[in-house]
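> sequence plus the predicted model coming up.
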Amino acid sequence: MSGIVLSSSVRQNLLSLQSTADLLATTQNRLSTGKSVNSALDSPTNFFTAQSLDNRASDINNLLDGIANGVQVLQAANTGITSLQKLIDSAKSIANQALQTTVGYSTKSNVSTTISGATAADLRGTTSFASATASSNVLFDGAAGGTTAASGTTTLGATIGVLTGTAGTAGDGTAALSGTLTLIAASGTSATGLIGNAQPADGDTLTVNGKTITFRAGAAPASTAVASGSGVSGNLVTDGSGNTTVYLGTSGTPAATVNDLLSAIDLASGVRTASITAGAATITNSVNQTISSVGSAKVTLESSTGADLSVTGKADLLKALGLTTAVGGGNATVNVNRTTSSASLGATIADGSTLNVDGHVITFKNAPIPGSTGAPSVPSGFGASGNVLTDGNGNSTVYLQAGTVNDVLKAIDLATGVQTATVNANGTASLLTATGQSNSTINSSGQLKISTGVNADLSITGTGNALNVLGFAGNTGTSSAFTAARTSGVGGITGKTLTFSSFNSGTAVNVTFGDGTNGTVKTLDQLNTALQANNLTATIDANGLLTVSTTNDFASSTIGSSAAGGAIGGTLTSSLTFSTASSPVQDTVAQTSRANLVSQYNNILNQIDTTSQDSSFNGVNLLNGDQLKLVFDETGKSNLSITGVTYNSKGLGLASLTSGVDFIDNSATNKVLSNLNAASSTLRSEASSLGSNLSVVQVRQDFNKNLINVLQTGSSNLTLADTNVEAANSQALSTRQSIAVSALSLANQSQQSVLQLLR
């Protein structure tokens, strides 16, 4: 072949064709492999750099499976912790049931002693009380200036109020108003009654000092036909308490007169009283009262001494009586006020006011004392003394019409027990001052000196204005109560001490009995406050039996035992004999219930053990002491070692319970709850740690995935071919190759010409 001689043009075309073929082969190789660098010959630097990047990406990719397994190991452990936490919560629920179950002992250990006269309010025992004296505000009488001190004989009632109206006439305007004038006129004869628009109709009413006067048409019923408790007198039917019905008659036969109406008003105001027997009412004038009347054609209204007079009714009726200038069918009110004097208090007590003294009620009433002249008889079971009516048990009524300050003091003393009352068969009451007591008085300055008595500390409250009028409303006159304490003597155990040594790690007790000040103990509440910190509690019964026992938390312990402590001592033990500490008595039913809870609790612990053992993945259990090591890079320098824990029941600090020992009382139960709370905290802490590690592993897992992508992308950038360019190159080279072949053919034509010559 070396002997073949090619022309220059042929040789040049042949070389060009060979070069094009080589380039075309290279381009086709790049298109088929997708790489521009397929061997170190293509580009040593890019080839080996890309190979290095691919190798690292491969090494890191090989680590991803291990990391993924590590994630699952952590998730398995976390799932186990979640289940363990639920089991711990179930165990807590069982322990709380034990706390809510009846304490396992029908009787707890206790010591007791009897303190004569002791109560929950005062443990000191028998205490002597002496009556103290409490002073009211100054009371003044009604003398001018209002500065004269009242005395014991100063009356509660005041001077009678008088109102004389203007002259009135009969309905025809000619006849003068008289007491015998009827309230309605005879048919066709207006002079016999009030003017038509003034005449009361059936059902009309007057209100007098809170009492009701009702007008009714027709004649008054017979005594046998009136309601029980009421009585008839002429044209009036009264209930004896001031409420009256006035029977008007008819226009053909008028009945009730002006005098009947005035009698009804006086019954309501207390000027008159009614005594009722078998349906008949006997109306009499009250002592020292002046009845309302008609004279010189004028009506004169009189109040009682015990209350001001207030009359409210139809204006036309009151105008016809000359008592008002108001007219019309609406109501008008006429007031007749009393006046005070040097004989009466400067302020008057309102009818119906009350005082409540140490739980007993004193009522003030505008009436004469029952049993007095013209007054009803004394009710059965009551007795009268002066102007005080008493039931013999400390409840009294003071009658205002003739009552005095001394009567008020008497009623207060009956309520406090300073005086006692014996109710006699004749309706009187015999009063006796209690031994060693002094009756309440009023001094020369007008102050009430109230004896508290020895039965109770003094407490006076009231309704109406009695509290204020009698000086019991304080300096400002607005106080709602008047109080004073008795003088108390020394209790039986004052100054004595009671001690208990530390009971079940409680605080030792050292109390001194006294008045409750300066650290001394007086009440049961104060004693219990001192005993509480030593796991003890005290009670006292009505007989003064003081019992100190264990609390529910330590119901299984015995006071004073070597195991529990709580030995009793102090100077109180030398004056009082305490019982020997009793042993607690088990409640069989309650203990059985608690034993069942122990069994349930132990079953939960078994589930904790098995759950801990089952919390593994691919043979690795972080809750059973295994260790997990994860490698994050190809060199092994970046790694994470996670040391497992042993979270079975023992690892969590929980132990199986023993029936009859655990849950036996609240203290034992609380210990279990404390351990469960600690286990719960441990699980939460480990869950947090696992969560943190899982987060780290997942971050590294994502990082490695992204890094592999970066490495592979970098490798590709170094070796991958641009297919668009290579495709264009392929087309260009194919064209070039075709052209080269044509050129070679042309070059060979000269060679063909020589051949033709040889032929």
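Thanks, I have it. Numbers count the residues shown, from 1 in each chain.
> which stretches in the stretch 551-700 of the chain count as strands?
568-569, 585-586, 627-631, 639-643 (DSSP state E, counting those that start in this stretch).
> now these as CSV including mean neighbour count, mean pLDDT and distance to residue 455?
(Each C-beta comes from the backbone N, C-alpha and C, glycine too.) What follows is those, written out as CSV (neighbours: other Cβ atoms under 10 Å; pLDDT from 0 to 100; distance: least, Cβ to Cβ, whole Å):
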stretch, mean neighbour count, mean pLDDT, distance to residue 455
strand 568-569, 17, 90, 35
strand 585-586, 14, 77, 41
strand 627-631, 16, 75, 83
strand 639-643, 14, 76, 79
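> in CSV, list these along with distance to residue 309.
Shown next, in CSV, are the strands of the stretch 551-700 of the chain (distance: least, Cβ to Cβ, whole Å):
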stretch, distance to residue 309
strand 568-569, 73
strand 585-586, 75
strand 627-631, 104
strand 639-643, 101
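> tell me what residue 548 is bridged to.
Beta-bridge partners for residue 548, by DSSP bridges, are residue 111, residue 538.
> and it, how far from residue 541?
Here the distance between residue 548 and residue 541 works out to 13 Å (Cβ to Cβ, to the nearest Å).
> same thing with residue 511?
Remark: distance between residue 511 and residue 541 (Cβ to Cβ) = 20 Å.
> between the two, who's got more neighbours?
Between residue 511 and residue 541, residue 511 has the larger neighbour count (other Cβ atoms under 10 Å), namely 21 against 13.
> isn't residue 388 right up against residue 400?
No: counting by Cβ atoms under 8 Å, residue 388 does not reach residue 400; the two are 11.6 Å apart.
> more crowded one of the two?
With neighbours defined as other Cβ under 10 Å, residue 388 and residue 400 compare such that residue 400 has more, 28 against 24.
> which residues does the more buried one contact?
Contacts for residue 400 (Cβ atoms under 8 Å, 6 or more residues apart in numbering) come out as 156, 157, 305, 306, 307, 349, 351, 364, 365, 366, 367.
> which of the helices or strands spans the residue nearest to the spatial centre of the chain?
When the chain is reduced to its mean C-alpha position, the closest residue under Cα atoms, centre = their mean turns out to be residue 525, at 21.8 Å. Assigned by DSSP states H and E, residue 525 falls within helix 524-532.
> buried set for that helix?
Under the neighbour-count criterion of 16 or more other Cβ atoms under 10 Å, helix 524-532 has 524, 526, 527, 530, 531 buried.
> turn those residues into a markdown table, columns for pLDDT and distance to residue 503.
Putting the buried residues of helix 524-532 into a markdown table (pLDDT from 0 to 100; distance: Cβ to Cβ, whole Å) gives the following:
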| residue | pLDDT | distance to residue 503 |
| --- | --- | --- |
| 524 | 92 | 19 |
| 526 | 92 | 19 |
| 527 | 92 | 15 |
| 530 | 91 | 13 |
| 531 | 92 | 9 |
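> may I see those arranged in TSV, with distance to residue 376 as well?
As requested, the buried residues of helix 524-532 are exported to TSV (distance: Cβ to Cβ, whole Å):
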residue	distance to residue 376
524	51
526	54
527	56
530	61
531	61
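> correct me, but residue 134 touches residue 452?
Yes: using Cβ under 8 Å, residue 134 is in contact with residue 452, at 6.3 Å.
> show me whatever sits in contact with both of these two.
458, 484.
> okay, these two: which has more neighbours?
More crowded of residue 134 and residue 452, by other Cβ under 10 Å: residue 452, with 26 against 19.
> which residue comes closest to the more buried one once chain neighbours are left out?
Closest residue to residue 452 apart from its sequence neighbours, by Cβ to Cβ, 6 or more residues apart in numbering: residue 458 at 4.1 Å.
> may I have the beta-bridge partners of the one you found?
With DSSP bridges as the criterion, residue 458 is bridged to residue 484.
> run through the helices of the stretch 351-500 of the chain in chain order.
Counting by DSSP state H, counting those that start in this stretch, residue ranges of the helices within the stretch 351-500 of the chain are 405-416, 466-469.
> for residue 353, give me its contacts.
By Cβ under 8 Å, 6+ apart, the neighbours of residue 353 are 363, 364, 462, 463, 464, 465, 466.
> tell me, how many residues neighbour the closest residue to it other than its chain neighbours?
Spatially, and ignoring its direct neighbours in sequence, residue 353 is nearest to residue 464 (2.7 Å; Cβ to Cβ, 6+ apart). For residue 464, the number of neighbouring residues by other Cβ under 10 Å comes to 16.
> surely residue 464 is in contact with residue 363?
No: with contacts counted by Cβ under 8 Å, residue 464 stays clear of residue 363, the gap being 9.7 Å.
> between those two, which contacts overlap?
Residues touching both residue 464 and residue 363 comprise 352, 353, 354, with contact defined as Cβ under 8 Å, 6+ apart.
> distance check, the first one against residue 223.
Going from residue 352 to residue 223 by Cβ to Cβ gives 30 Å.
> many thanks, I have nothing further to ask.
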